[in-house]
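J.: fold the following for me, if possible:
(chains A and B)
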Amino acid sequence: MSSPVRSPEGVWWNRSVNPHERRWLSISLLTCLILFSWMVGWRMLGAQNPMGPTYRIEPEAWQAKVEAYIEAAESSDRGIVPPGDDVYISGRQWLWTGLPVVLEVGKEYTFHFGSFDVQHGFGLHRRDELIEQFNLQVLPGYEWTMPMTFKHPGVYDVQCNEFCGVGHRVMHGQIIVE
Amino acid sequence: MAIGLLENDYGADGFRTCRVTGLRIHRSAEVPVKMFGLTAVVALIIGGIAALLVALTRWEAVGILGAADFYKFLSLHAWNLLIFWMVFMEIAILYVGGPIVLGRKLPASWMANTGWAVMLGSALLIDYAIWTTAPPDNQPLLTSYAPLQASPLFYLGAIVFILGAVIAALPFFFCIWQQKREEPDKTLPLVTFGAFITGIIAVEALVGGLVTYVPTYLWRIGVVAHIDAAWYRHMFWIIGHGSQQINLAAMITVWYFMTWLTAGAEVVSEKISRGAFILYLFFINMGAAHHLMADPVLSSGWKMWNTSYAVYGAVLASLIHAFAIPAGLEAGRRKRGLGGDTWFGWLRTAPWHDPGFSATAWSIILFGFLGGITGVLMGQMQLNTLRHNTLAVPGHFHGTVAVGTTLAFMGLLYYVIRLFFNKEWVLDWFARLQPHLYALAMSIAAMAMMEAGIVYGAPRRDPVTMSIPGTDFSFAAAGPMYAIMGVAAVLAVAAGVIFILVAVGSLLFGKPARMRVPVPLSLGASGDRPVHDHSMRGTFAMVGFFLAVMALFYGLDWMWLSRLWEFGG
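T.: Below is the predicted model:
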């Protein structure tokens, strides 16, 4: 009897394995290989990859950069219109600096994410659509750049989704794509 | 009374022989198992009360707590259930898997007592720190992400708790060392081997915890001026996820033990099951990288290497156990002629009325379907962005640590009551119903959270999402999901209350245990074929179904992702 609470007797590493278990082992290995290649493949061929260069930046320098950007941007009653292809968004307790922002559909922008104080979560939702959302972590001390192109016009709501203090829930903003 | 509970009829040498399992149990090992087990149950009670309040807040139609209280009880919920309940149980499991299974004394048992006292004291300190947190400090929740500062007592408590757990784990390692010194050529039993791997993974995680919390404490009290948010996340998840890997390895060890004890499972292949544990040892700590998929700083190469090439070593191990444990049940029961020569007779005739078995069986099934599948999905760098920081994440880990680990530990405790405390269960029928109710209710709650997170993007860690001041945007569409989650969570807490009533009631009022050897264990083999020669076709069909479900959700997730706007290089 092969009990899990008794030492196995004899040369147990030579004992044969049930064909079903051998088959499952191969299927499992294959599953892992598929998971791996699909992820790497999407990184090379797919259009949705949460990646882009990160730069270490002192909070004061980051704040100055964001302020200079807002200074240069044109502001309308719906939000700011970025002066070029760069969009700066910074979290702070408890609002998003740089939002609301008005962007053009189909144009590639470079987003710059950062924080003035603590960690925040950048949750972006296309209004009135299901499952059209994505979520990033935003850290103080780092500027994360990521290219982004919106395919559909509309309102995209931003909600902080990392706990950043007791007022966390009021931290929202908008991206308007037209 | 309390002292009496810790006693048993030991012989002059301090040993007794368990009349059910035949194991030789020494007092020095059995007493700490009871102490750690009882303390874990106290943590379960505190965490369970917090769970009810958290769930009734997130069920926004009820909305019982304001924001400040919500975060307080969320922190209590996380630390008492995810850390104290689990870690106290795991130390008990180490002592069962080591000295009790090996029939040895627990060496240096004063360290077990010291570790217990230190862990208990620091757990109380952490609860006190959470309870008294006031501005400018913030509630730590589980993660205490710097630079958002928590109470200094909290970090101190975390450091001391980790030290206590290391002290308590040491006698287990001494025991293994003694065993291998005395009988170097004898292979450790599989349960001991699993506990040994659990122990090593635990120490890795705990060392990571010291690396995290000591500098963070120094920063909090002003000795260190600056703390880097990315550094903190990277270090924290060594213990943050590492502690969940202890849960996983301990739970799987319990699965092997309980399916054997209650239903006559055998080990169908020693080398494959042990190989899978070794894969955990080398690869599972990479699981921590899953938490950093939507982070800046780390390159996509780092993310993909750690969550795929490396962590699939651990996914492979889990897939192996997912087959080996039900297959052990199937072949073990077929060998004894239980359930007939049909595809699933062995499972249908299994002792589903025995809470030790039903808790284990549901734990295996639900851990795989709810926790396992979502874990694999979230571990893909791109898919992670769909779920990161949404309610789907708590949905995932209630599929792992609630219906998985907690349920398995409850099943184990039913037998600790019978075999160690020598008490029969009171409220017998409630005990038999309890695992089914908990499994059903908690899996519905977990699925509602997953749905609210993935479909509506509802954030986690947020008491009110259906109205946001200053905007007409809200997550009100997720309201029905919150309601389903709330009702199911109340039922799950009710199942928890039944468990506590049975456990505490049995210890206080239970009749002396009269349990005999369970039928499957008492039956000899019908025929002399070795266990691996018996059919495993039922298990093969079930894991095939599991894989098909996983493939379905994998395909759905990628389809959803492809509909998003373009981002990333």
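J.: please count neighbours and contacts with C-alpha atoms only from this point.
T.: OK.
J.: buried ones in the lowest-mean-pLDDT helix or strand in chain A?
T.: Among the helices and strands of chain A, strand A:74-76 carries the lowest confidence by mean pLDDT, DSSP states H and E, at a mean of 90. If you call a residue buried by 16 or more other C-alpha atoms under 10 Å in any protein chain shown, then strand A:74-76 has these buried ones: A:S75.
J.: that one pairs with which strands, parallel or anti?
T.: strand A:79-81 (antiparallel) (DSSP bridges).
J.: average pLDDT for the partner strand?
T.: Mean pLDDT, strand A:79-81: 95.
J.: how about stretch A:165-178?
T.: 94.
J.: end-to-end on it?
T.: 34 Å (C-alpha to C-alpha, to the nearest Å).
J.: try stretch B:18-28
T.: End-to-end distance for stretch B:18-28, by C-alpha to C-alpha: 15 Å.
J.: contact partners of that stretch?
T.: B:8, B:10, B:14-17, B:99-101, B:103-106, B:109, B:261, B:419, B:515-518 (C-alpha atoms under 8 Å, 6 or more residues apart in numbering or on different chains).
J.: what about 7 Å?
T.: With C-alpha atoms under 7 Å, 6 or more residues apart in numbering or on different chains as the test, stretch B:18-28 has contacts from B:14-17, B:100-101, B:103-106, B:109, B:516-517.
J.: cool, and stretch A:104-118?
T.: A:59, A:63, A:85-92, A:138-140, A:142-153, A:164, A:177-178, B:147-148.
J.: quick one: stretch B:336-348 near chain A?
T.: No - using C-alpha under 7 Å from any C-alpha of the partner chain, stretch B:336-348 stays clear of chain A, with a minimum separation of 10.7 Å.
J.: check which residues of that stretch are buried.
T.: B:336-339, B:343-347.
J.: which residues does residue 97 contact?
T.: No chain was given, so I picked chain A. The neighbourhood of A:T97, defined by C-alpha under 7 Å, 6+ apart, consists of A:89-91.
J.: not quite, go with chain B.
T.: By C-alpha under 7 Å, 6+ apart, the neighbours of B:G97 are B:191-192, B:195.
J.: now do the end-to-end distance for stretch B:468-476.
T.: 10 Å.
J.: quick one: is that stretch near chain A?
T.: Yes - contact check for stretch B:468-476 against chain A, using C-alpha under 7 Å from any C-alpha: residues in range are B:468-469.
J.: so what's the gap between that stretch and the chain middle?
T.: 36 Å (C-alpha atoms, centre = their mean, to the nearest Å).
J.: that's a helix at B:T133, yeah?
T.: No - B:T133 is assigned coil when assessed by DSSP: H, G, I helix; E, B strand; the rest coil, not a helix.
J.: helices or strands up against the strand or helix carrying B:Y95?
T.: In the assignment (DSSP states H and E), B:Y95 maps to helix B:86-95. Helix B:86-95 sits against helix B:27-58, helix B:152-182, with contacts defined as 3 or more C-alpha pairs under 7 Å, 6 or more residues apart in numbering or on different chains; DSSP states H and E.
J.: make it 10 Å
T.: helix B:27-58, helix B:109-131, helix B:152-182, helix B:190-220, helix B:242-263, helix B:407-419 (3 or more C-alpha pairs under 10 Å, 6 or more residues apart in numbering or on different chains; DSSP states H and E).
J.: quick one: the fourth one to chain centroid distance?
T.: Read that as helix B:190-220. Distance of helix B:190-220 from its chain centroid, counting by C-alpha atoms, centre = their mean, is 15 Å.
J.: what residues sit buried inside whatever helix or strand comes next after it?
T.: Sequence-wise, the next helix or strand downstream of helix B:190-220 (DSSP H and E) is helix B:229-240. Using 16+ other C-alpha under 10 Å as the test for burial, helix B:229-240 gives B:229-230, B:232-240.
J.: so, low pLDDT: which residues of chain A?
T.: Applying pLDDT under 70 to chain A picks out residues A:1.
J.: re the thing from before, which of the contacts of B:G97 come close to chain A?
T.: With C-alpha under 10 Å from any C-alpha of the partner chain as the criterion, the contacts of B:G97 include B:191-192 near chain A.
J.: need the three-state assignment for A:P4.
T.: coil.
J.: without its sequence neighbours, what residue ends up closest to it?
T.: Excluding the flanking residues, the one nearest A:P4 by C-alpha to C-alpha, 6 or more residues apart in numbering or on different chains is B:L190, at 4.9 Å.
J.: my guess is that neighbour meets B:W260, correct?
T.: No - B:L190 lies out of contact with B:W260 (C-alpha atoms under 10 Å); the separation is 11.6 Å.
J.: neighbour count winner among the two?
T.: Per other C-alpha atoms under 10 Å in any protein chain shown, whichever of B:L190 and B:W260 has more neighbours is B:L190, with 27 against 24.
J.: pLDDT score for that one?
T.: Per-residue pLDDT puts B:L190 at 97.
J.: one more: B:F283?
T.: For B:F283, the pLDDT comes out at 89.
J.: how about B:A513?
T.: Note for B:A513: predicted pLDDT of 87.
J.: who's in contact with it?
T.: Going by C-alpha atoms under 10 Å, 6 or more residues apart in numbering or on different chains, B:A513 touches B:417-425.
J.: greatest separation within those: which pair is it?
T.: B:F420 and B:W425 (12.7 Å; C-alpha to C-alpha).
J.: and these two? Which one has more around it.
T.: B:W425 (26 against 20).
J.: what about the nearest residue to the more buried one once chain neighbours are set aside, how many neighbours?
T.: The shortest distance from B:W425 to any non-neighbouring residue, by C-alpha to C-alpha, 6+ apart, is to B:S506 (5.1 Å). Residues contacting B:S506 under the criterion other C-alpha under 10 Å number 23.
J.: relative to chain A, how far out is B:S506?
T.: Distance from B:S506 to chain A, counting by C-alpha to the nearest C-alpha, to the nearest Å: 27 Å.
J.: so which strand or helix has that residue?
T.: Applying DSSP H and E, one finds B:S506 within helix B:479-509.
J.: out of the contacts of B:A513, who's nearest chain A?
T.: The closest of these to chain A turns out to be B:L419 (C-alpha to the nearest C-alpha; 15.4 Å).
J.: any idea which residue is closest to the centre of chain A?
T.: A:L136 (2.9 Å; C-alpha atoms, centre = their mean).
J.: before we move on, the earlier item: would you turn the contacts of stretch B:18-28 into a markdown table with secondary structure and pLDDT?
T.: Listed next are the contacts of stretch B:18-28 as a markdown table, based on DSSP: H, G, I helix; E, B strand; the rest coil; pLDDT from 0 to 100:
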| residue | secondary structure | pLDDT |
| --- | --- | --- |
| B:G14 | coil | 95 |
| B:F15 | strand | 96 |
| B:R16 | strand | 95 |
| B:T17 | strand | 94 |
| B:I100 | helix | 97 |
| B:V101 | helix | 97 |
| B:G103 | coil | 96 |
| B:R104 | coil | 97 |
| B:K105 | coil | 97 |
| B:L106 | coil | 97 |
| B:S109 | helix | 93 |
| B:R516 | coil | 79 |
| B:V517 | coil | 80 |
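J.: filter these down to the buried ones.
T.: B:15-16, B:100-101, B:103-106, B:109, B:517.
J.: for chain A, what are the nearby residues on the stretch 351-500 of chain B?
T.: B:376-377, B:379-391, B:451-465, B:467-474, B:477.
J.: out of those, which sit inside strands?
T.: Among those, none falls in strands (DSSP state E).
J.: which members of those residues occur in helices, if any?
T.: Residues of those located in helices (DSSP state H): B:376-377, B:381-387, B:451-456.
J.: find the nearest non-adjacent residue to the residue sitting furthest away from the middle of chain B, please.
T.: Most distant from the centre of chain B: B:G470, at 40.5 Å, with distances by C-alpha atoms, centre = their mean. Spatial nearest neighbour of B:G470, excluding adjacent residues (C-alpha to C-alpha, 6+ apart): A:V170 at 7.7 Å.
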